[in-house]
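**Q** Could you work out the structure for the sequence below:
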Amino acid sequence: IIGSKSVLVIRNDAEHAYHRRGINPAFNSITLAHIANTIVHRHILSLLDGLNARLLEAVTPSSNGGSTATNGTSGGAVALVRDMDVLFDSITLNVVAEAAFRQLNVAGTDVAKEFRKSQEPGMIPPIVFALPGLNRFGNQNMIQSMKHIRSAAVQIIAAARTRLLNGGRDGGAAAASTAAGEEEDSVNQRPLLVDYLVGSVHQPTTTITGTTNSAAMSTTTTTTITTATSVPTHKKDSLPFPTDRATLDQAIIDNTVTFLFAGHETTSKTLLFLFFLLSRYPREQQRLCEELSSAFPLNTVPTLETVQTLPFLTATVREGLRLYSPACVVLRMAKEDDALPSGGVVRKGELVNINISGIHRNPAVWGADAHVFRPGRWLEPSAPEGSELAVLRASPCSFLPFLHGPFNCVGRDFAMNELLLITAV
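**A** Below you'll find the predicted structure:
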């Protein structure tokens, strides 16, 4: 689905590092802040009215004594949760589709709509995927939708190259349309994820310039970022994997598609579980509301710069990630023989199943109430300095929602920004 050159599936260390060096500039803090304060804001606010109406419908008594949504309070709650799931999925998918592809509609292809179609049940039973000789038929919805998405990706990459050659601006009608307004000019000039992916394979260097000027941001910032090839041209021939233009273009397409798959559903489900936890712990919900109300008076639109300064909001999101991590387990292959503290031995080449949920709920690290949703734990002194518990909690391996090390989630800051903003709104 996502292709053989996605960073999610490349397992060769050198090849993975090569492609990660090309992707990392796409997730620089300035670009992510602009995405948060423009794209994320726009999609959140466009759906907020619908959510408010749906909440009102769920809690308003009907003539038969139940909610207007269904024939009973519990039924109304179930329906509301289902609607919240759809809402969060819609927001996160639209955000990542626009952030990765620059636009939701590419030459008649609605990227987000095609992705949703790819998730619909096909006529081929799932068991077919496991049957030799038959799995080539696959899920027809997914196959056709992915063809359309990849075709859109090719067009977007071509447009990104044109922008780079034009100094960061779209050509033709897109450039002319910037006269319509300052905000539109900002949208056409902003460097987004695909621009950095394309820039990373240009020879020998490519300068990407973008102007950030949004009503949600207090300042206008012009950003110039120079991307270079991951490895100098004269050294590419000696690499043990192909680095020709066709292969690098394939990597751009695969990783753009990966953003759609890995960049929306993980965030969507995290939000759903987080709001479930807040509904179960009204005191924590009230404390969060008080912090947000103090920081954002009525009719004030939260900005990323402000939400990042709110300690209890950050603690709430982290606590949700701790209890319901996007990945509950992950497999890693041992690069050499190793001995575990328990006395067990892991041999080189063996697969190790890392139980992230178990780590996040380990009482030895998080205390006897490790199973309890308590954001305040993130604001307390972890343990006496120098103690074994302090060492455990300070370890980056005690909190792994985005994994750790060279194979960690490249979009972790993108996801955290989105979680903070959506939760705040």
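**Q** For the helix or strand hosting Q286, which helices and strands make contact with it?
**A** Counting by DSSP states H and E, the secondary-structure element that holds Q286 is helix 282-295. With contacts defined as 3 or more C-beta pairs under 8 Å, 6 or more residues apart in numbering; DSSP states H and E, the secondary structure elements packing on helix 282-295 are helix 245-280, helix 311-323. Every C-beta, even on glycine, is put in place using the N, C-alpha and C of the backbone.
**Q** got a markdown table for those, with distance to V95, mean neighbour count and mean pLDDT too?
**A** Converted to a markdown table, the helices and strands packed on helix 282-295 look like this (distance: least, C-beta to C-beta, whole Å; neighbours: other C-beta atoms under 10 Å; pLDDT from 0 to 100):
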| stretch | distance to V95 | mean neighbour count | mean pLDDT |
| --- | --- | --- | --- |
| helix 245-280 | 7 | 20 | 87 |
| helix 311-323 | 16 | 21 | 96 |
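**Q** okay, the ones you listed in a markdown table with distance to L419 next?
**A** Rendered in a markdown table, the data for the helices and strands packed on helix 282-295 read as follows (distance: least, C-beta to C-beta, whole Å):
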| stretch | distance to L419 |
| --- | --- |
| helix 245-280 | 6 |
| helix 311-323 | 5 |
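**Q** Of all these, which one is nearest R287?
**A** Closest to R287 of the helices and strands packed on helix 282-295, according to C-beta to C-beta: helix 311-323, at 6.1 Å.
**Q** next SSE after the closest one?
**A** Scanning forward in sequence from helix 311-323, with DSSP H and E defining helices and strands, the next element found is strand 329-333.
**Q** May I have that next one exported as CSV, CA atoms only?
**A** Provided in CSV are the C-alpha atoms of strand 329-333 (Å, rounded to 0.1, in the frame of the first residue of the first chain):
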residue,chain,number,x,y,z
VAL,A,329,3.6,-3.0,20.5
VAL,A,330,6.5,-2.8,18.1
LEU,A,331,9.0,-5.4,16.7
ARG,A,332,12.7,-4.8,16.6
MET,A,333,15.5,-7.1,15.3
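**Q** what sits up against it?
**A** Residues outside strand 329-333 that contact it (C-beta atoms under 8 Å, 6 or more residues apart in numbering): 11, 349-357, 400, 403, 407.
**Q** Report the buried members of those residues.
**A** 356, 400, 403, 407 (16 or more other C-beta atoms under 10 Å).
**Q** now those as TSV including secondary structure?
**A** Below are the buried ones among the contacts of strand 329-333 laid out as TSV (DSSP: H, G, I helix; E, B strand; the rest coil):
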residue	secondary structure
I356	helix
L400	coil
L403	coil
F407	coil
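**Q** Nearest to A152 among those?
**A** Top of the list for closeness to A152, among the buried ones among the contacts of strand 329-333 and by C-beta to C-beta, is F407 at 28.0 Å.
**Q** Against M333, how distant is that closest one?
**A** From F407 across to M333, the span is 11 Å (C-beta to C-beta, to the nearest Å).
**Q** circling back to that earlier point, can you tell me which two in the contacts of strand 329-333 are farthest apart?
**A** Largest separation among the contacts of strand 329-333 by C-beta to C-beta: G349 and S357, giving 25.6 Å.
**Q** Strands of the chain, residue ranges please.
**A** Defined through DSSP state E, the strands belonging to the chain, from first to last, are 105-106, 109-110, 205-212, 221-228, 329-333, 338-339, 345-346, 351-355.
**Q** same for the second one, what does it pack against?
**A** Secondary-structure packing of strand 109-110 (3+ C-beta pairs under 8 Å, 6+ apart): helix 140-165.
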